[in-house]
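A.B. asks: Show me how the following folds:
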Amino acid sequence: MEDADAGTMIFGATALRDRTETDEATLEGLYDRYAQALYRYALALVGSADDAEDAVQEVFVRIARKRLMKVDNIKAYLYTATRNSAYSALRSRRRRNEIADEALSDLAAGTELPIETIALQESFSQLPIEQREVLTLKIYGELTFEEIARTVGICINTAASRYRYAIDRLKRALEEDV
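C.D. replies: Reported below is the predicted structural model:
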């Protein structure tokens, strides 16, 4: 199905055009179940808490406006829609050099974190966006490599490699700080 608002294809979605009312209980359940994980994923992509919240909100507003969708894999659909929304935010911001600094300050603001946690956050923010994305989907989204591959539009081996490279870079960075 083509999303008229974003002009993009969303993996596995089919509109239920003959449905006359939105199932608010189901939409609320989807939000309760996935919103926090989708927010973490969007934050890893855009690096800004405000933009991450906006990206997730846009996904659920679109679902509510178009009525609930029948999808093969709702989790993959939500992550794909969040990815599209987050990348749209990135394109409009055009400030890629500032993204990592904003994410780190949002994550560390108002907390006293152990040195290892700060080092890990700094190392995470310095990963290439492709590696941050796969790592976040795997750890926080609890997606399989197959689901990650479909969501991001890459092959399974590439998803697994990006995950492995990200973990290796984080380990090396932490070892250097110790």
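
A.B. asks: Going by C-alpha atoms from here, please, whenever you check contacts or count neighbours.
C.D. replies: Will do.

A.B. asks: Average pLDDT for the one helix or strand Glu176 maps to, rounded please.
C.D. replies: Take DSSP states H and E as the rule and Glu176 turns out to sit in helix 156-177. If you average the pLDDT over helix 156-177, you get 86.

A.B. asks: got it, and stretch 82-96?
C.D. replies: Averaging pLDDT along stretch 82-96 yields 77.

A.B. asks: What lies in contact with that stretch?
C.D. replies: 8, 38, 42, 45-46, 51-52, 55-56, 58-59, 151-152 (CA atoms under 8 Å, 6 or more residues apart in numbering).

A.B. asks: In this structure, where is pLDDT below threshold?
C.D. replies: 1-25, 67-69, 93-119, 177-178 (pLDDT under 70).

A.B. asks: Just the helices from it, written as ranges.
C.D. replies: With helices called from DSSP state H, the chain shows them at 24-46, 49-66, 74-93, 96-108, 115-126, 129-139, 145-152, 156-177.

A.B. asks: Contacts for the first one, please.
C.D. replies: It stands for helix 24-46. Under the criterion CA under 8 Å, 6+ apart, residues 49, 51-53, 55-56, 60, 64, 68, 75, 78-79, 82-83, 86-87, 89-90, 99, 103, 129, 132-133, 136-137, 140-141 lie in contact with helix 24-46.

A.B. asks: switch the cut-off to 6 Å
C.D. replies: Defining contact as CA atoms under 6 Å, 6 or more residues apart in numbering, one finds that helix 24-46 is touched by 49, 52, 86, 136, 140-141.

A.B. asks: try the last one
C.D. replies: The contact list for helix 156-177 (CA under 6 Å, 6+ apart) reads 131, 134-135, 145-146, 149.

A.B. asks: again, only this time at 10 Å
C.D. replies: 115-117, 119-124, 126-128, 130-139, 144-150, 152-153 (CA atoms under 10 Å, 6 or more residues apart in numbering).

A.B. asks: Only the buried residues of that helix, if you could.
C.D. replies: 156, 159-160, 162-163, 166-167, 169-170, 173-174 (16 or more other CA atoms under 10 Å).

A.B. asks: quick one, that helix and helix 129-139 angle?
C.D. replies: For helix 156-177 against helix 129-139, the angle by axes from the mean of the first three to the mean of the last three CA atoms, to 10 degrees is 100 degrees.

A.B. asks: quick one: which of the contacts of helix 24-46 is most hemmed in?
C.D. replies: Tallying neighbours with other CA atoms under 10 Å puts Ala86 at the head of the contacts of helix 24-46, with 28 neighbours.
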